[in-house]
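**Student:** Can you look at this prediction? I've put the sequence above it.
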Amino acid sequence: MTKEFKKSFTQQEAIGDESIALAVEVLESGRLHRYNTLDGEPSQVSLLEQEYAAYQGVRYCLACASGGYALGIALRAAGLKNNESVLTNMYTLAPVPGAIAGSGGRAVFIEIDKNLVLDLDDLTQKANSSGARFLLLSHMRGHIVDMEKLADVVKACNLTLIEDCAHTMGAKWSGTRSGNFGLAGCFSTQTYKHMNSGEGGLITTNDAEFMARCIMMSGSYMLYERHGAAPDPDVFKKIRLQTPNQSGRMDNLRAAILRPQIGKLEANILRWNERYAIVEAKLRQVKNIVVPNRDEKELYVGSSIQFRIPSISEKQAFDFIENNRKLGVEIKWFGSDNPSGFTSNHKSWQYVERQQLDRSDLILSGLFDLRLPLTFSKQDCGLLADIISDCAEKVTINERD
Ligand SMILES: *Cc1c(COP(=O)(O)O)cnc(C)c1O
């Protein structure tokens, strides 16, 4: 085979001119701290909070230092106490169990199914057996569980739902934006997500007291009246002296870079999904490969794609990845016990009590993943899918699941 893929899987698009111009204005002003404003001047961070709240269709938004930080303070602001259990997907990325541990909680992992979403029976069972009050639902790699069925479990088990929307910014279920199904949605604006400010996080909610606590925690130095999408100052009176400052603010430079990107999200979602559709259609033709199914109610963002080669052995998986790599296609494998790059597996989170998750482990052992950055053209996507298909056809699988 002579085909070879030449582009980088970690190359995002350049930051646009509007963002650059706004960023330069901030730099020239010297006022980079979110509370360093002239009289009556709204900060870039406050404007971002207003604009993102409007996009998301919620009342309140807080911009902060990272997606992982957002998850951690959301849990504390929701009332998590030390050593309390927090239910979460076993299939997620390190910042999720990390945020739970960092805010004093104990992760209880829920199994996933073959379509990579939460197993709701396991959720019900573990909610009951652990007595957990919180569910930190990670829409890992943009796969959204049936949110109507989930709502039934959340209600029956009396859970507080916080959504990790690091991969679902802009996505919807049945017309409702991901992040709007529970108490709060947490987003990341780190370079590899759907908006890029290098680092950054957003928390959205309609709950005034919860947001007041988040704002105090983020390090508001009693300047909460200067926020863009915050509750009434009265709401802060009750909680302001009881809420620890855990500084993790966003600065005006990052906010300036992000604001113009909100307006581009919807168009970018279409661009991602065109690319996803090309790769998906080709991979579905391959005998060894299973691509997860998506519900019709799910409006996803195809910024990455996952596929399974069920029953692949460890040796075959390494060979498969290596054969792709030689042709320029960088594939991650979720089945590896050794974390590398962004791949994550509960076995590498040894600060969490070890849990038996045999069904999901089996799924992850044949699960592969690649990013589809917008710097890839549609032709690039066709080429990389052809390379993966050729490599997958060479894997000899004895049994199918
Ligand atoms: C990226 C990511 C986060 C948060 O990431 P930060 O790097 O802390 O901004 C949370 N959950 C998942 C699933 C992620 O991929």
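**Tutor:** Happy to help now that I have it.
**Student:** excluding its backbone neighbours, what's nearest Gly219?
**Tutor:** Closest residue to Gly219 apart from its sequence neighbours, by C-beta to C-beta, 6 or more residues apart in numbering: Ser247 at 3.5 Å. C-beta here means a position set from N, CA and C on the backbone, and glycine is covered the same way.
**Student:** which residue ranges form the helices in the stretch 201-350 of the chain?
**Tutor:** 208-217, 233-239, 252-262, 265-284, 314-326 (DSSP state H, counting those that start in this stretch).
**Student:** now those helices as JSON lines including mean neighbour count and mean pLDDT?
**Tutor:** As requested, these are exported to JSON lines (neighbours: other C-beta atoms under 10 Å; pLDDT from 0 to 100):
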{"stretch": "helix 208-217", "mean neighbour count": "24", "mean pLDDT": "98"}
{"stretch": "helix 233-239", "mean neighbour count": "14", "mean pLDDT": "95"}
{"stretch": "helix 252-262", "mean neighbour count": "23", "mean pLDDT": "98"}
{"stretch": "helix 265-284", "mean neighbour count": "17", "mean pLDDT": "98"}
{"stretch": "helix 314-326", "mean neighbour count": "15", "mean pLDDT": "95"}
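**Student:** how about those in CSV, adding distance to the ligand?
**Tutor:** Shown next, in CSV, are these (distance: least, C-beta to the nearest ligand atom, whole Å):
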stretch, distance to the ligand
helix 208-217, 16
helix 233-239, 25
helix 252-262, 12
helix 265-284, 15
helix 314-326, 20
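**Student:** Pull up the pairing partners for the lowest-mean-pLDDT helix or strand in the chain, direction included.
**Tutor:** Of the helices and strands making up the chain, the lowest-confidence element is strand 332-333, at a mean of 93, by mean pLDDT, DSSP states H and E. Taking DSSP bridges as the criterion, strand 332-333 sits next to strand 367-371 (antiparallel) in its sheet.
**Student:** hang on, the earlier thing: can you tell which of the helices of the stretch 201-350 of the chain is closest to Ser103?
**Tutor:** Comparing the helices of the stretch 201-350 of the chain by their distance to Ser103 (C-beta to C-beta), the top pick is helix 208-217, with 10.0 Å.
**Student:** got the residues of the stretch 1-150 of the chain near the ligand?
**Tutor:** Applying C-beta under 6 Å from any ligand atom, we find that the stretch 1-150 of the chain lies next to the ligand at Ser66, Gly67, Gly68, Thr92, Leu93, Pro95, Val96, Ser138, Met140.
**Student:** Quick one: closest of the helices of the stretch 201-350 of the chain to Leu118.
**Tutor:** Smallest distance to Leu118 across the helices of the stretch 201-350 of the chain (C-beta to C-beta): 21.6 Å, for helix 265-284.
**Student:** on that earlier part again, tell me the gap between the least confident helix or strand of the chain and the middle of its chain.
**Tutor:** Its chain's average C-alpha position is 17 Å from that of strand 332-333, according to C-alpha atoms, centre = their mean, to the nearest Å.
**Student:** is that strand anywhere near the ligand?
**Tutor:** No - Strand 332-333 lies out of reach of the ligand by C-beta under 6 Å from any ligand atom, never closer than 12.0 Å.
**Student:** Then stretch 186-203?
**Tutor:** Yes - Stretch 186-203 is in contact with the ligand by C-beta under 6 Å from any ligand atom, via Ser188, Gln190, Gly201.
**Student:** Which one of these is nearest to Gly16?
**Tutor:** Nearest to Gly16 among those, counting by C-beta to C-beta, is Gln190 at 17.7 Å.
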